[in-house]
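# Based on what follows, work out the 3D shape:
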Amino acid sequence: MQSNEKKRRRRHSPAFKAEAVAACREAGASVAGVALERQINASLLRRWVKEAAGKTAVAMVPPSGPAFLPIAIGAPKRTGSSERPIRVQVRRRSLRVTIEWPLSDADFRAPNDGSWPAAAVGAAR
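Here you go, the predicted structure:
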């Protein structure tokens, strides 16, 4: 049977909202479970959690200094032929490409045209 009474919108106190949000933040708690315990809709509780997070979030302030800091890097030490080479391996499924070059050539920069020195590319291992 239907009743002629209109459903009234419930109003929740700030203390009730704060307690429900705090319960959601406990370890192992789910929003849906907390909402069921308090007989409220889970989407309403999610909105309260989001609003509470917005009130406590710290505003991101852009840094006033430079985005990058300069770092001084000295020349590599040359200790002779006992140095281990620089080795980069790229693996893709069953294919492995190894690139090696001596540490003394660490300042080498590859040209943009894609031509690499043949000695720098090792055979697939």
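
# what's the neighbour count on G33?
Applying other C-beta atoms under 10 Å, we find 13 residues neighbouring G33. From N, CA and C alone the C-beta is placed, and that goes for glycine too.

# quick one: average pLDDT of whichever strand or helix holds K50?
Using DSSP states H and E, K50 maps to helix 42-56. Helix 42-56 shows a mean pLDDT of 87.

# Show residues contacting that helix.
With contact meaning C-beta atoms under 8 Å, 6 or more residues apart in numbering, helix 42-56 is reached by K17, A18, A20, V21, C24, R25, V31, A32, V34, A35, L36, R38.

# Now the buried members of the residues you listed.
Neighbour counting with 16 or more other C-beta atoms under 10 Å marks K17, A20, V21, C24, V31, V34, A35 as buried within the contacts of helix 42-56.

# I figured V34 was touching E19, is that so?
No - with contact defined as C-beta atoms under 8 Å, V34 does not reach E19; the gap is 9.7 Å.

# for the contacts of helix 42-56, which one is nearest R9?
Distance to R9, by C-beta to C-beta, is smallest for K17 among the contacts of helix 42-56, at 14.8 Å.

# secondary structure class for the closest one?
helix (DSSP: H, G, I helix; E, B strand; the rest coil).

# Next, the contact list for it, please.
Listed by C-beta under 8 Å, 6+ apart, the contact partners of K17 are W48, A52.

# how does it look with 10 Å?
Contact partners of K17, counting by C-beta atoms under 10 Å, 6 or more residues apart in numbering, are I40, L44, L45, R47, W48, V49, E51, A52.

# ok, so what distance separates the first one from F16?
Translated: I40. 9 Å (C-beta to C-beta, to the nearest Å).

# who's more crowded, the two?
I40 (17 against 13).

# Go ahead and confirm the more buried one touches E19.
No - assessed by C-beta atoms under 10 Å, I40 is found out of contact with E19, at 11.7 Å.
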